[in-house]
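Engineer: for reference, the sequence and a predicted model appear below.
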Amino acid sequence: MAVPDPRQARTPLFDAMVELAQSRKVSFHTPGHKSGKGISTRFRKFVGPKIFSIDLTTLDEVDSLQKPVGVIKEAQELAALAYGADASFFLLNGTTGGNHAMVVSSTRPGEKVLVARNCHKSIIVGVILAGARPIFVPVEYDTERRLALNVRADDIEKALRAEPDARTLLVTSPNYYGYTVDLGAVARLRERREFTLLVDEAHGPHLKFHADLPLDALTAGADICVQSTHKIIGGMTQASILHARAGRVDLSRVAASLKSLQTTSPSYILMASLDLARMQMATEGQKLLTRVIELAEEARAKINRIPGLVCRTREEARSEGLGDIDVTKLTISVIGTGRTGYQVSQELNRRFDIQVEMADPAHVLVIVSIGDRKDDLSRLVSALDEIAREAQAEARPKAALVSAAPPRIDNPLAILPRDAFFAPSRFVPLEEAVGKVSADIVTVYPPGIPVLIPGETIAREVAEYVRAMARHGSIMDGLDETNTRIKIVA
């Protein structure tokens with residue numbers, strides 16, 4: 001076991017916040033609740049008084065996120081040291097805000113950028129802000145298990161050959177389901193062709209800290225990655241970090257983009273959670289994650305013994321030529337039960353008081369993290385076993401409950417996404433939209449992957465898929481409130 005760097009035990013921002021809170025200085029600045037004295041009694045009674053004493057604003061003692069020169073600067077430098085970056089930036093609008101800045105700082109208006117088609121909506125917003133021209137790389141799809149996997153390195157290589165003037169590649173790894181891109185193989189493509197590698201690593205802030213997890217983006221050779229510290233490790237919701245390496249990336253441009261896109265009134269509580277989460281992982285991550293991996297793998301083995309349920313193993317993924325799987329994600333196929341993922345998720349919640357990360361027509365997704373205990377996983381396995389056995393007794397037909405597979409999305413780009421987004425637009429029924437140009441991002445939640453972006457010509461297969469997913473209960477972002485009308489360029 002590697003000996004932790006003693007510098008990583010420091011938490012400069014959090015320590016400065018506590019010291020200031022304990023000094024009991026009189027406050028004539030924001031926030032208006034003045035260390036909790038003016039906060040709602042109900043709120044104060046529920047959470048306790050101390051949290052409000054560190055809900056601070058930009059002050060000399062606790063530095064400024066817009067221009068860090070003190071304890072925030074030191075905290076970000078410790079994050080960079082822990083993750084192997086040349087610069088790390090705290091994010092208060094989640095990985096969404098980091099993705100915007102990553103794209104804006106790495107591309108210019110009209111430039112081509114290769115984008116894995118399974119990107120998050122925030123990547124497309126970044127493309128719109130930058131005025132870039134996206135060229136999509138297709139995603140591998142498991143038709144038997146109804147599961148979007150990830151992009152293959154050879155498909156990326158084909159895209160690079162087809163678009164010789166594209167100088168930026170953006171991938172998502174791991175994806176929501178835990179499937180990674182073979183980033184090492186992708187980075188090696190730069191031996192023959194130079195490009196900037198950007199990674200939406202929202203679901204991978206823990207990968208750096210354990211050898212039995214997939215290779216993290218920076219170690220693999222990424223130039224920028226953005227991580228949701230709050231998703232898997234100890235950051236609070238909304239707290240993320242952008243890591244960058246100098247060379248292909250202009251670090252001053254990244255900083256300038258973030259100054260333009262981030263709030264000027266950042267939450268010091270969220271930033272403190274980043275400082276502490278980094279310290280925790282850098283000093284205890286290997287020990288904590290060893291336990292997480294053991295819990296997840298034990299649960300995976302038990303789930304795979306339940307009739308009707310399948311939870312793919314890392315060995316299976318590797319043998320099928322995929323990049324890798326983050327084993328802390330349990331993507332459980334429920335097709336064999338005759339129920340949909342939505343139904344199983346609802347039963348877990350209503351009958352067993354268990355809430356999963358998300359469900360789709362064929363799966364439920366469970367995230368196992370440093371906050372889980374053995375009893376939690378035992379309770380989950382027991383509930384799944386009961387649901388599956390009941391379903392087996394019902395002998396419900398399987399095929400009737402499985403949604404149509406998403407089409408291989410190939411919507412021709414008629415105009416730049418930025419131009420379409422700002423163009424005059426109108427809503428039309430989905431069946432009348434085929435052949436028209438989309439004016440908005442249409443996203444199926446979960447997992448939040450755009451099936452249409454502004455500027456794309458709407459294919460019949462995509463319109464039919466959107467209708468099918470709406471019928472199956474997916475949340476459709478980008479349609480009207482009835483889920484039957486779509487915005488097109490007028």
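Structural biologist: Nice, thanks for sending it over. Numbering: from 1, shown residues only.

Engineer: switch to C-alpha atoms for all contacts and neighbour counts from now on
Structural biologist: Noted.

Engineer: Pro435 - nearest residue in space that isn't next to it in sequence?
Structural biologist: Just to correct that, residue 435 is Gly rather than Pro. Nearest residue to Gly435 in three dimensions, chain neighbours excluded: Ile458, at 5.2 Å (CA to CA, 6 or more residues apart in numbering).

Engineer: look up phi and psi at the one you found.
Structural biologist: phi -80, psi 110 (degrees, to the nearest 10).

Engineer: count the neighbours of it for me.
Structural biologist: 26 (other CA atoms under 10 Å).

Engineer: please apply the same query to Leu430.
Structural biologist: Other residues close to Leu430 by other CA under 10 Å number 20.

Engineer: now it. Its backbone dihedrals?
Structural biologist: phi -50, psi -40.

Engineer: check contacts around Thr331.
Structural biologist: Contact analysis of Thr331 by CA atoms under 8 Å, 6 or more residues apart in numbering lists 177-178, 311-312, 363-366.

Engineer: does Pro214 really touch Arg318, like I thought?
Structural biologist: No - using CA atoms under 8 Å, Pro214 makes no contact with Arg318, being 11.3 Å away.

Engineer: okay, the two: which has more neighbours?
Structural biologist: Taking other CA under 10 Å, Pro214 and Arg318 do not tie; Pro214 has more neighbours (26 against 12).

Engineer: what segments of the stretch 301-450 of the chain are strands?
Structural biologist: Secondary structure of the stretch 301-450 of the chain by DSSP state E, counting those that start in this stretch: the strands cover 310-311, 329-333, 358-359, 363-367, 425-429, 442-445, 449-452.

Engineer: figure out how far the host helix or strand of Gln280 is from the centre of its chain.
Structural biologist: Using DSSP states H and E, Gln280 sits within helix 268-303. Relative to the chain's own centre, helix 268-303 is displaced by 17 Å; criterion: CA atoms, centre = their mean, to the nearest Å.

Engineer: for that helix, name the packing helices and strands.
Structural biologist: Under the contact criterion of 3 or more CA pairs under 8 Å, 6 or more residues apart in numbering; DSSP states H and E, helix 268-303 touches helix 12-23, helix 71-83, strand 310-311, strand 329-333, helix 374-394.

Engineer: show me what counts as buried in it.
Structural biologist: Neighbour counts over helix 268-303 (16 or more other CA atoms under 10 Å) mark 268-283, 285-286, 288-293, 295-297, 299-300, 303 as buried.

Engineer: try stretch 438-449
Structural biologist: Neighbour counts over stretch 438-449 (16+ other CA under 10 Å) mark 438-445, 447-449 as buried.

Engineer: repeat that for stretch 455-469.
Structural biologist: 455-460, 462-469.

Engineer: who touches Val125 in this structure?
Structural biologist: Shown in contact with Val125 (CA under 8 Å, 6+ apart): His100.

Engineer: I'd like the next helix or strand past the host helix or strand of it.
Structural biologist: When elements are assigned from DSSP H and E, Val125 belongs to helix 121-130. For helix 121-130, the succeeding helix or strand toward the C-terminus, using DSSP H and E, is strand 133-137.

Engineer: Ala148 contacts Arg117, correct?
Structural biologist: No - assessed by CA under 8 Å, Ala148 is found out of contact with Arg117, at 10.4 Å.

Engineer: shared neighbours of those two, anything?
Structural biologist: Val139.

Engineer: out of those two, which sits in the busier spot?
Structural biologist: Neighbours per residue (other CA under 10 Å) separate Ala148 from Arg117, with Arg117 holding more: 24 against 19.

Engineer: got a list of what that one touches?
Structural biologist: 136-139, 409, 449-450.

Engineer: let me have those residues in CSV, adding distance to Lys259 and pLDDT as columns.
Structural biologist: Below are those laid out as CSV (distance: CA to CA, whole Å; pLDDT from 0 to 100):
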residue, distance to Lys259, pLDDT
Phe136, 29, 96
Val137, 31, 96
Pro138, 33, 92
Val139, 33, 91
Ile409, 35, 75
Ile449, 27, 81
Pro450, 27, 89
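
Engineer: perfect, that will be all.
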